[in-house]
Structure formats: structure tokens, C-alpha cells
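Peer 1: Got a sequence here, can you model it:
(one chain, ligands or ions: 1)
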Amino acid sequence: MASIRSVPFLGETKLDNLFVSFKSGHLRKASYHGFRRRKFAPLCVLVGSGKCLSFCCDNGSVAECSGRVDRLRVTAQKKEGGGGQDGGDDVVDPLEATIEKSKKVLAIQSDLIQQIAERRKLVSSIKSSVLGSAAPDSSAQNRIASSPKPDVSYEGTNDSASSPNISNEQSSKPKSPNAASMDDARRSVNNPSEKKTRTVSLNSNLCPTADVSNTASMPPMEADKGVEQHVRPSTSVPAPPSVQSSRTLYDRPPDWPKELPPFVSSVSNALDKQDKRTEDSKVTSPQEDINKADNPSIEEEKPPPLAGVNVMNIILIAAECVPWSKTGGLGDVAGSLPKALARRGHRVMVVVPRYGNYQEAQDIGVRKMYKVAGQDVEVTYFQAYIDGVDFVFIDSHMFRHMENNIYGGNRVDILRRMVLFCKAAVEVPWHVPCGGVIYGDGNLVFIANDWHTALLPVYLKAYYRDNGLMSYTRCVLVIHNIAHQGRGPMDDFSYVDLPEHYLDHFRLYDPVGGEHFNIFAAGLKCADRVITVSHGYAWELKTSEGGWGLHNIINEIDWKFCGIVNGIDTREWNPLFDVHLASEGYTNYSLDTLKTGKPQCKEALQKELGLPVRPDVPLLGFIGRLDGQKGVDLIVDAVPWLMGQDIQLVMLGTGRQDLEQMLQQLEGQHPDRIRGWVGFSVKMAHRITAAADILLMPSRFEPCGLNQLYAMMYGTIPVVHAVGGLRDTVKQFDPFNNTGLGWTFDSAEANKLINALGHCLKTYREYKETWEGIQKRGMSQDLSWDNAATNYEEVLVAAKYQW
Ligand SMILES: Nc1ncnc2c1ncn2[C@@H]1O[C@H](COP(=O)(O)OP(=O)(O)O[C@H]2O[C@H](CO)[C@@H](O)[C@H](O)[C@H]2O)[C@@H](O)[C@H]1O
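Peer 2: The predicted structure is shown next:
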């Protein structure tokens, strides 16, 4: 038995040039899988079963990379300064001698790997038999534990509710409610790839009725443990659960009250369109087919999800999401955190308004009506499946063509849009089948973001949980910026369609605003957990200076409140892969090619902006919204000093008109030194980040800040006001110990900025090696979302078991 096959030796390679391609379409460098941190390099590579990689390492040990890997690419070590954009695509030299040597190592290691595989098999068979005998519902258990290989026709081909195959299966295998719906719900989150292939049988059993009623008699943790035990031994369960009724996917469950809450959607039109992913999921790669044929045990060797027993359905809702809509950091987070959560094995959806005609998103044919301020508003759901995440776009005339003005309009306009968005989003798990399978409410956590979606936890509570519905659904609210709260006069309560006794949740008094209506306040109270985007900001929010009137509430909810530092999308913001560096004289670069790549980008930017092309002059950058928060006025105040230095300054931003004018004026006054780009340009943001030597972030407050993280990834040294997330992420350079990542200053004043910048410029000019050391430390950090996603998961789990 060889569940891990050895394949021809692929050659010796340096760690940095080993790429692993995942089924999801990700191409990732092996170093991201922790090898760099473990300080060894793979000498040779064994490919295992399409799911597991084994690396024979230069320290003699075997490392495994679990993940669904289906392809390896080994590229040549790129010679420094050798040009090229992506690390090279040349084939590695034969390295005959190394091959001989490595073959021996390979032989030993394949032996070892075989033993490991055998032990795994043994363990899983023991697990199956233990569960088979110990489970209370033996019929359901046995079906799973002793189930034969999945019926391929079912697993891979059934994609329609009317499929005879499925209906036969359903009627021939009645299933106890306790096992069926919860099993399948869990299966669908346990195994995202399976989620795509199992369609209608899951749909029918993911309905909230089954989930809730089946677990109602158990304490929540017990119920979930039980479910986990049912499922984990086999991720390829063949038996489709029974369907007792002919209800469609979109029908309400029988225990849904006859008198529906007033806001709940009034029209349900499930059109015939089927999700194409079901079709797609039938397609297997030739390699997969070969693997299956070679080795029937492969299916059983699927590694468990990283999240282990905590896998759940997660729906993140946000007013903006990259790459479709973005005004700032919230869009970046909404576009990247979900992918990291999906990589951990969760079933993840993002819900965002459809502001424009997005090419990827398909109309799924579900229409709903929601009341907004007494008027019926129709909503249509669009959907795309990208990088393991379901993206659901809510279409309505209220959102259309707002992509450049997401938060535009007057207070009431925005409020009405957000009311509609939250009403539609809270029902998405029932109305929108993704891959043919709705998310249901049994094992579901929403992640709402900022005040725009702070109504969601309130609706979840007021209309569902207070009525004994969606009892197992939770909502975590993330604070990205407390400065925007959804404030208005108390009369605004009439727009949100809530029972009268909810009024007090929104009522807030503070010395500035007096008594007023505050949406963030209500969201904070109703959410099951509250997260903010750094530890420093978590602390600041509890102070009267940092809490912006909400500090008392935040102190009261301290028990459910914590900080988690944002990660970044290390594919999007990576100098090696950055698409914006692939043309017009820019170049991609990495730690290895920093010395040539970064100066080339600098030259390209100087040319593009019409600045004198000078490699030696320090190039300073600023990117951000032009408002009080970002402290751009401190830079303006520092300009007279800066002009006494030999520097160039490039600023990109949009926002307050007076500050926009200021940027343009500065450029006019110092045309050979300063560029002030007024506007929103993602391309220019990437290029400045790559080309600048120094990034200025003198923010007055900064909940986390992403630009300093991006800067460090690109070898650009941040100079920051040590506040909020900036303090958490930029460690002050210490010349004595040669540690640190940049320069910080302790209060938002121009002279403090000048002082820090003075030290920074001196180091740039006089201590090149030290400078390079800071750059390299910054670039070597693991700033990916993977760590943060683990922390999010802990909070979500805590919310799930919170009663
Ligand atoms: N003119 C322009 N053109 C192109 N791109 C531009 C731009 N102006 C800004 N950007 C981009 O917008 C993003 C800004 O992110 P930040 O985290 O710095 O700030 P923001 O205050 O919006 O986010 C809030 O939420 C995030 C996420 O939690 C927190 O990090 C942050 O502290 C908090 O204030 C970056 O990707 C930046 O490149």
C-alpha cells in the first residue's frame, strides 16, 4: 500500500524557488508554509497523493506540507540581477551528483513515508470502528462508518433537485433527523471540495428546522461534538440523507412562525438557475484521475481541515470588498480575511452590495422584497465563487452605480442603504444556495464590519433569536474605525424597523452630540463578540480620547471584546507578484533581488511622475485618505524642513477638499521635489509602495493601518506615529542591538515627525548596511492573514459557545 507515491526526483532547489500549486488555483511559495521559519530547505520533493507533500530536508528530516496540492513547479535559482520578473522559469540544472546522493536519501524517506501512511490508515480504521460502535444513533453511524466508497455518479454528477439518482437515494435511505441534517451541514463545511459535489441532498437537510430541532435537546457543545464524531472518520460519505418533504430549497421551515416579523422579505422567487459550480465540480484533473486509479485509498487520506473540529459556516458582510469596491482598508480586509478563513477549512461567504456590473458575478435568480422606511425594495442576489470563497452581491437600485460614492448621499440616504443591506444580508444563509447548498443557520457566524453593518447583529437578535429562531447563529462585530458611528437624531429610529423596546440600544448621550441615535452603539451591545483590528487600538477604544463617545459601552462589553492585528493579502501585496510592477519600467523583486529591483522601481516612478531621476535621493511616500485621521497636515507642516533636506516626496490621496488643494499647492511650489496626486489609484498606491524608500504615516489615530504593513513587505521603511496598530506593528529601530523595523514618534506633532525622520534619513545616507538590515527584517516577516485567521477563529468559536 502506498498512499504517498514517490515520483521522479524533481531536482535540488533553493527554498525560495519552490512553488506549490493548490487546487484552489493558488500558486504559493513553499516558504509560506513555514519552511523558512524552520530554517531548513527542502533538498528534494516527493509528491504524495495530490493532497500531501513530503519534503526531504537538508537536515535529514522529513517535512510534510499538508494542503490540497496537485502540482509542483520547481524553478531555477535566479541569479541576482539577472533580470526577469518572477523568479525565473528556467528548468533546474540536472545536478547529476546531487541526484545520485538524493536518490539514496529518497529511498530511505519513501520507506518512512510508507510507514507513516500505513499508521494513518490504521488510526482511521480504528476511529471508524470505535465510532461505529459507540454512537447513540447506530443506524446513521453505521451508514457512515461502514460506508463503501462513494457512488461516483452521485458524488460527481448529480446537480439537480430533480435528479432521479438523488431522489432514489433519498427515499431508500431514510435518515434519523439527529444524524442527517447536522451531519451533512457539518460535512459541507468540513470539506469545502465536497461541498461543491454534494448538492440537493445537502440542500434539503441544511434547512434551519432540522438543525435547530435536532440539537435543541442537547447542550450545544455536546451536540457539536456528536456531529463531529459522526463526520470526521470519513469525508466521503456516500449515503445521501433522506428528504421527507417536497419543500424547495427556499421554503421556510415548518416551525417558522406564521406571523413573520414585519421586515422579513415578502417575496421569494427561486428561479430555475442552477449554480454552475455543481457542473464544474464534476471535472477532475487528469492527475487526480490517475491518482484515484492508482490508489483507491487516496480519498480516505484527506487531511483534516486546519480548523479541526471548529469548522463552521462564516458569512462576512461589509460595505466594500476588494477587488470590486474599495475606499480604504475595510475593502482590503473584506477581500482577504475570508480567503484565509476558507483555507482553514471553513465554509466562507462574503456579502457585499453590488455597486457595479461585476463580470464574475452571476444572477442566481432569487428575488426578494424588503421594507425600507415603509417602501418595498426589490433585491436580487448575484454570486461568484473565487479562491474558495462564495461572494454574494446584493443588487438593488439603491446600490447601483455607487462604486465611486459608496458612502455618498445624505445621512438618511446612507442609513436607508445600510438598512436594506443588513436586512438582505441576514437572510442570505437561507435564500442563497452556493454550489447548490444554502448555508443554513445551524453552525453559522456572521462577521459584521463597522457601523454600516452594525444593524445586522441587532436584526439577528430582534427578529430571530428573540423569537427562538436562528438560535445557533452568532454575530461578531469588527471595529475598523470608531470615528464613524452612524449617528443621527433619535427620530432615525423609525428607519430601522425595530420593536420599540430596542430604542434604548441606540440611545447615546455624549457631551459633543448630546442625546442621539447611534447605530454602532446598538451593534456593540447586540453582537456576541466584538473585535478591533489591533491590540493598541483595543486599549485606546476604552479611553475617553480614543472611544469617541463609545468608550463607556466598550468598557462594559470588555468581556467580549479583543484586538486582533490585521493581516495582508500576501499575493496581492507582494513585490514578487505585484501586477502593477510588471510594466512601464517597473519590475518585480524579492528579498534576493531587493538591491536591483527596488532601485529600478524608484527610477520608473521618478520617470512616470516627471521627477529628476536620481537613485541616491531618498524618496518619501504617503498614501491615504486626506482627512484629520491620517495626519497629512503634519507632513505639510514639515515641508519647509523637508525642503532643506535633499529629498523627494510623493503623496497620493483623496478626501477633504482643503487637503487636496494643499497637495496640489505643494507640488506647484516644489515641482522638482514634490508630487501630490489627488485621486484614488490602486496602481499608483502599489507603485509608490514599491518605489519609495520611506513611507510616512503620521496618523493621529490608526486602528491598525495596512500601508505600513504593505511598505514593510516591499522593503520600504515606515516612519509612523506610535499609535493604535502602528505601535503594534512597527518596532522602533534600535541601533545598539540592530533591531526594529522603522522609526516611531510618540505624539502627532510636526516637530516629532521631523525628529524621527531626521534619524531615518541619516541612517539611509550613512549606514547603508544597517538600512538594508531593516529592510530585510521587514520583508522577512510573516504578515499573512493566516495567523490572524487563527485568532479570528478562536473568537468565532467563543461566540458560538456563548449563551
Ligand atoms: N488615494 C488612494 N489611492 C489608492 N489607494 C488608496 C488611496 N488611499 C488609500 N488607499 C488604500 O486604502 C487602504 C487604506 O488602508 P488603511 O488601513 O491605511 O486605512 P483606512 O483608514 O481606510 O482603514 C481602516 O480600516 C483598516 C482595516 O481594518 C485599518 O487598518 C485602518 O487603521 C482603519 O483606519 C490601503 O490599501 C491604501 O493603499
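Peer 1: Quick check: the residue of the stretch 401-550 of the chain nearest the ligand.
Peer 2: Closest contact between the stretch 401-550 of the chain and the ligand, by CB to the nearest ligand atom, is at His480 (3.6 Å). Backbone N, C-alpha and C define where each C-beta goes, glycine included.
Peer 1: Which pLDDT value goes with that residue?
Peer 2: Per-residue pLDDT puts His480 at 98.
Peer 1: and what of the one 4 residues further on?
Peer 2: His484 is assigned a pLDDT of 95 by the prediction.
Peer 1: since we're on Gly705, how many residues are nearby?
Peer 2: As a burial measure, Gly705 scores 31 neighbours (other CB atoms under 10 Å).
Peer 1: Test my guess that it contacts Asp728.
Peer 2: No - counting by CB atoms under 8 Å, Gly705 does not reach Asp728; the two are 9.1 Å apart.
Peer 1: Quick check: neighbours shared by the two?
Peer 2: Common contact partners of Gly705 and Asp728 (CB atoms under 8 Å, 6 or more residues apart in numbering): none.
Peer 1: For the helix or strand hosting Tyr509, give the mean pLDDT please.
Peer 2: Secondary-structure assignment from DSSP states H and E places Tyr509 in strand 507-510. What strand 507-510 shows for mean pLDDT is 92.
Peer 1: ok, and what's touching it?
Peer 2: By CB under 8 Å, 6+ apart, strand 507-510 touches Met490, Glu515, His516, Phe517, Asn518, Ala521, Gly549, Leu550, Ile553.
Peer 1: Do you know the pLDDT at the residue in the chain that the ligand sits nearest to?
Peer 2: For the chain, the residue closest to the ligand is Gly328, as judged by CB to the nearest ligand atom, at 2.1 Å. In the predicted model, Gly328 carries a pLDDT score of 95.
Peer 1: burial measure for it, as a count.
Peer 2: Count around Gly328 with other CB under 10 Å applied: 16.
Peer 1: what's the closest non-adjacent residue to it?
Peer 2: Distances taken as CB to CB, 6 or more residues apart in numbering place Arg625 nearest to Gly328, at 5.9 Å, with adjacent residues excluded.
Peer 1: got it, and Asp578?
Peer 2: Per CB to CB, 6+ apart, closest to Asp578 is His686, 5.6 Å.
Peer 1: That neighbour touches Leu581, doesn't it?
Peer 2: Yes - His686 is within contact range of Leu581, at 6.9 Å (criterion: CB under 8 Å).
Peer 1: and the stretch 101-250 of the chain, which residues reach the ligand?
Peer 2: By CB under 6 Å from any ligand atom, no part of the stretch 101-250 of the chain sits against the ligand.
Peer 1: still on that earlier bit, touching, the residue of the chain closest to the ligand and Leu626? I think so.
Peer 2: No - applying CB under 8 Å as the test, Gly328 and Leu626 come out as separate, 11.6 Å apart.
Peer 1: returning to what we had before: return the list of strands paired to the strand holding Tyr509, each annotated with direction.
Peer 2: Take DSSP bridges as the rule and strand 507-510 pairs in its sheet with strand 514-518 (antiparallel).
Peer 1: List of residues touching the partner strand?
Peer 2: 485-493, 506-510, 549-550.
Peer 1: buried ones in that strand?
Peer 2: By neighbour count on 16 or more other CB atoms under 10 Å, the buried set for strand 514-518 is His516, Phe517, Asn518.
Peer 1: again, but for stretch 627-642
Peer 2: Residues of stretch 627-642 classed as buried: 627-639, 642 (neighbour count, 16+ other CB under 10 Å).
Peer 1: Stretch 768-775 too?
Peer 2: Trp771, Ile774, Gln775.
Peer 1: which ones among the residues you listed are found in helices?
Peer 2: Judged by DSSP state H, the buried residues of stretch 768-775 include Trp771, Ile774, Gln775 as members of helices.
Peer 1: mind putting the residues you listed in a markdown table, distance to Ile647 included?
Peer 2: Listed next are these as a markdown table, based on distance: CB to CB, whole Å:
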| residue | distance to Ile647 |
| --- | --- |
| Trp771 | 15 |
| Ile774 | 18 |
| Gln775 | 18 |
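Peer 1: want to throw the residues you listed into CSV with pLDDT?
Peer 2: Formatted as CSV, these follow (pLDDT from 0 to 100):
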residue, pLDDT
Trp771, 98
Ile774, 98
Gln775, 98
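Peer 1: and the chain, which of its residues are near the ligand?
Peer 2: When proximity is defined by CB under 6 Å from any ligand atom, the chain lies next to the ligand at 328-330, 332-333, 480-481, 533, 566, 623-625, 652-654, 680-682, 685, 702-707, 725.
Peer 1: Tell me where the stretch 451-600 of the chain has strands.
Peer 2: 474-479, 487-488, 507-510, 514-518, 529-532, 561-563 (DSSP state E, counting those that start in this stretch).
Peer 1: quick one: which of those is nearest Glu608?
Peer 2: strand 474-479 (36.2 Å; CB to CB).
Peer 1: in its sheet, what does that closest one sit against?
Peer 2: When DSSP bridges is applied, strand 474-479 pairs with strand 444-449 (parallel), strand 529-532 (parallel).
Peer 1: Run through who's touching that strand.
Peer 2: 333, 444-450, 453-454, 456-457, 460, 520, 523-524, 526-533, 537, 541, 703, 795-796, 799-800, 802.
Peer 1: One more: stretch 783-801?
Peer 2: 32, 220-221, 307, 310, 312, 314, 336-337, 339-341, 343-344, 346, 443, 445, 447, 472, 474-476, 528-529, 531, 562, 564-570, 709, 712-713.
Peer 1: just the buried members of the residues you listed?
Peer 2: In terms of neighbour count (16+ other CB under 10 Å), the buried residues within those are 32, 307, 310, 312, 314, 336-337, 339-341, 343-344, 346, 443, 445, 447, 472, 474-476, 528-529, 531, 562, 564-570, 709, 712-713.
Peer 1: Nothing else from me, thank you.
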